[in-house]
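Peer 1: Sequence first, predicted model second:
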Amino acid sequence: MTILGITGSVGMGKSTACRMLRILGVPVHDADATVHALLGPAGAAVQAVAAAFSGVVRDGVIDRAALGACVFPDPEALSRLENILHPLVRQSEQRFLKQYQRAGFPLVALDIPLLFETGGEDRCDYVAVVSAPFSIQKARVLSRKGMTEERLYAILARQMPDYEKRRRADWVVPTGLGRGVTFRSLHRIVRLLSSGQVG
């Protein structure tokens, strides 16, 4: 079974690309969705996060805004949170891989926002980076509720630059030229990997 890593900086269209991969029949493990589940009702990380950060629990779930306020400006706090969450995300990822390997799927994808930053490329056979011009990226991110330019630049400062991600990738998937271009790019990658023509 071939493992394709999907990554890209904030606002680059990674979620859209992953929806397209699912349409193309490729199972995708979503690290962000896993984190949401871990912090949600009866989530496996709720108790540990509540113990590490006071005042972040509301009605039995983690208040993500309150948690963000704790960790966003504090690298040490962010590191503590990652030390709680990353092992649990990896466990979920391993269960996903075993499930689809047993089912005989030739190709699966791991959607990992900070793939290069965390060394996640070592767990993938190939990596595709989604990318768009900065003007499009900025407009997408600033359209999100509660987002500011200051916060956008703070997020970007913690991420590997887009040009470096593109340099390290096996493929760059354009997401600023229309969805048709993005879909055709992904379809080509899926066809190559599913047929074993790459290697």
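Peer 2: Yes, it's here. None of the values given here were measured: they were computed from a predicted structure.
Peer 1: Outline the domain layout of the chain.
Peer 2: The domain map for the chain lists 1-27+107-194, 41-104, with the assignment taken from the TED database.
Peer 1: Excluding chain neighbours, what is closest to residue 166?
Peer 2: Among residues not flanking residue 166 along the chain, residue 172 sits closest, at 5.0 Å (Cβ to Cβ, 6 or more residues apart in numbering). C-betas here are computed from N, CA, C, even on glycine.
Peer 1: you'd agree the one you found is up against residue 131?
Peer 2: Yes. Residue 172 lies in contact with residue 131 (Cβ atoms under 8 Å); the separation is 5.4 Å.
Peer 1: any shared contact partners between the two?
Peer 2: Shared contacts of residue 172 and residue 131, defined by Cβ atoms under 8 Å, 6 or more residues apart in numbering, comprise residue 166.
Peer 1: If you count surrounding residues, which of the two has more?
Peer 2: More neighbours surround residue 131 than the other of residue 172 and residue 131, with 23 against 16 (other Cβ atoms under 10 Å).
Peer 1: wait, that one sits on residue 166?
Peer 2: Yes. Counting by Cβ under 8 Å, residue 131 touches residue 166, with 5.7 Å between them.
Peer 1: Can you check which residues contact both of those two?
Peer 2: Shared contacts of residue 131 and residue 166, counting by Cβ under 8 Å, 6+ apart, come down to residue 172.
Peer 1: Buried residues, the longest helix anywhere in the chain. List them.
Peer 2: For the chain, the helix reaching the highest residue count under DSSP state H is reported as helix 75-102. Neighbour-count burial for helix 75-102 flags 80, 81, 84, 85, 88, 89, 92, 93, 96, 97, 100 (criterion: 16 or more other Cβ atoms under 10 Å).
Peer 1: State whether residue 3 is indeed within a strand.
Peer 2: Yes. Counting by DSSP: H, G, I helix; E, B strand; the rest coil, residue 3 is found in a strand.
Peer 1: any idea which of the buried residues of helix 75-102 is the one closest to residue 147?
Peer 2: Looking at the buried residues of helix 75-102 and their distance to residue 147, the nearest is residue 81, at 20.3 Å (Cβ to Cβ).
Peer 1: which residues touch that closest one?
Peer 2: 49, 52, 53, 67, 71.
Peer 1: And it, how close does it get to residue 13?
Peer 2: If you measure residue 81 against residue 13 using Cβ to Cβ, to the nearest Å, the figure is 26 Å.
Peer 1: Sitting in helices, which of the contacts of residue 81 do you find?
Peer 2: Where the contacts of residue 81 overlap with helices, as defined by DSSP H, the overlap consists of 49, 52, 67, 71.
Peer 1: Redo these as TSV? Include pLDDT.
Peer 2: Rendered in TSV, the data for these read as follows (pLDDT from 0 to 100):
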residue	pLDDT
49	89
52	88
67	87
71	83
